[in-house]
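**Q** My questions concern the predicted model and sequence given below.
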Amino acid sequence: MHYTRISADCHIDLPWLPPDLFAANASAAMKDRMPHVAEGPDGPYWTCKNGGSFGLVNGVGPSGQKYVPGQHHRVDVMAATGLYEDGKKGIRRVSDPHLRAGDQDRDGVQAEVIYGILGAATRLGDHEAATEMFHIYNDWLADFCRHYPDRYIGLACLPYGDIDAAVKEVYRVAKLGLRGMELSCSWDMEPMWHPVWEPLWAAMDDVALPLHFHTFPSLPPGRLDRQTGLTRRAAFFTVVSGFQMNLVNILAAVIGSAVLERFPNMRIAFGESGIGWLPYALDRMDFE
């Protein structure tokens, strides 16, 4: 294929996945701990054992919000193609490989790097179940990408909070034919200069696939939601202004602990990170 435009930060969000994907493929012990679809006041929505919501089925964005015309220009553009109306009919253009390829053609895009469902782990609130959920998603994603391997660069989701489980999944998904992986990060994770990460670096070096990091919240879950009025507005403004630059903590840790020198097959990519802060960060590192 001749590539003229590749989208480097696309997504398949959980609300657009097949409604029975997780419950149908989980082990017997895990079935009731998996995300599943239930009926709600605005229609079917994704939920889980703890009552948390993953959003409306085929809803807007990673949180599956209800589509409200005029609220967001880019969403309106997608709605104009019939995306959300199709979703109400059970036509999942986002997660159907053939229909998605048609939307690529509409947009003049030949290939996509596709990020996954990492944010769902926080809402699930169950590390063990989240590991099973990622395992199921990665299997599904590998099958999805096989339909158009020259167009879909799907990133396997690695478990958060269990480095041993993440290492096992690295070796497992490398055999599935996926071409990269993404690691879930959190405001409270062990800094990546810490030796606890060494097994993950070694595994990524062994499989010689890129490791992707996406932007992640800088506040504990619910901290922003507890604010009201002008305080909430100020907190939201602060988070939005700086959240992409949170990745400097990963960049500096990886460089400072010589990960790339010690593991020469390691390749790291940052998604939705912007680039304006990068020259300043590298300049600061040169003078420290």
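**A** Right, received. Where do you want to start? These figures come from a predicted structure and were not determined experimentally. Residues are numbered from 1 along each chain as shown.

**Q** ok, which stretches of this structure are strands?
**A** Assigned by DSSP state E, the strands in the chain fall at 6-11, 36-40, 43-47, 53-56, 111-115, 152-154, 156-158, 181-183, 211-214, 268-271.

**Q** In JSON lines: these, plus mean pLDDT and distance to residue 101.
**A** Just so you know, the C-beta spots here come from the backbone N, C-alpha and C atoms, and that holds for glycine as well. As requested, those are exported to JSON lines (pLDDT from 0 to 100; distance: least, C-beta to C-beta, whole Å):
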{"stretch": "strand 6-11", "mean pLDDT": "94", "distance to residue 101": "13"}
{"stretch": "strand 36-40", "mean pLDDT": "96", "distance to residue 101": "26"}
{"stretch": "strand 43-47", "mean pLDDT": "96", "distance to residue 101": "25"}
{"stretch": "strand 53-56", "mean pLDDT": "93", "distance to residue 101": "25"}
{"stretch": "strand 111-115", "mean pLDDT": "97", "distance to residue 101": "10"}
{"stretch": "strand 152-154", "mean pLDDT": "97", "distance to residue 101": "8"}
{"stretch": "strand 156-158", "mean pLDDT": "96", "distance to residue 101": "21"}
{"stretch": "strand 181-183", "mean pLDDT": "95", "distance to residue 101": "22"}
{"stretch": "strand 211-214", "mean pLDDT": "92", "distance to residue 101": "22"}
{"stretch": "strand 268-271", "mean pLDDT": "91", "distance to residue 101": "21"}
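
**Q** which one of those is the most hemmed in?
**A** strand 156-158 (a mean of 27; mean count of other C-beta atoms under 10 Å).

**Q** Other residues contacting that strand?
**A** 116-118, 134, 137-138, 141-142, 166, 169-170, 173, 176, 178, 180-184 (C-beta atoms under 8 Å, 6 or more residues apart in numbering).

**Q** go on, stretch 124-131?
**A** With contacts defined as C-beta under 8 Å, 6+ apart, stretch 124-131 is touched by 30, 33-35, 48-50, 52, 120-121, 133, 159-162, 165, 169.

**Q** again, but for stretch 62-69
**A** Applying C-beta under 8 Å, 6+ apart, the set of residues contacting stretch 62-69 from outside is 11, 13-15, 42, 45-46, 53-60, 75-76, 79, 84, 119.

**Q** Report the central residue of the protein.
**A** The C-alpha lying nearest the average C-alpha coordinate of the chain belongs to residue 116 (C-alpha atoms, centre = their mean; 3.7 Å).

**Q** partners of the residue lying closest to it once chain neighbours are set aside in the sheet?
**A** Spatial nearest neighbour of residue 116, chain neighbours left out: residue 157 (4.5 Å); criterion: C-beta to C-beta, 6 or more residues apart in numbering. Beta-bridge pairing for residue 157 (DSSP bridges): residue 182.

**Q** hmm, back to that, unless I'm mixing things up, the residue nearest to the centre of the chain is touching residue 155, no?
**A** Yes: the pair residue 116 and residue 155 passes the contact test of C-beta atoms under 8 Å, sitting 6.1 Å apart.

**Q** what's the overlap in contacts for the two?
**A** Common contact partners of residue 116 and residue 155 (C-beta under 8 Å, 6+ apart): residue 182.

**Q** And for the spatially closest residue to residue 92 that is not a sequence neighbour, the neighbour number?
**A** Nearest non-adjacent residue to residue 92, counting by C-beta to C-beta, 6+ apart: residue 16, 5.4 Å away. Using other C-beta atoms under 10 Å, the number of residues around residue 16 comes to 23.

**Q** same check, this time on the one 5 residues further on
**A** Taking other C-beta under 10 Å as the neighbour definition, residue 21 ends up with a count of 20.

**Q** Next one, pLDDT for it please.
**A** The confidence metric pLDDT takes the value 98 at residue 21.
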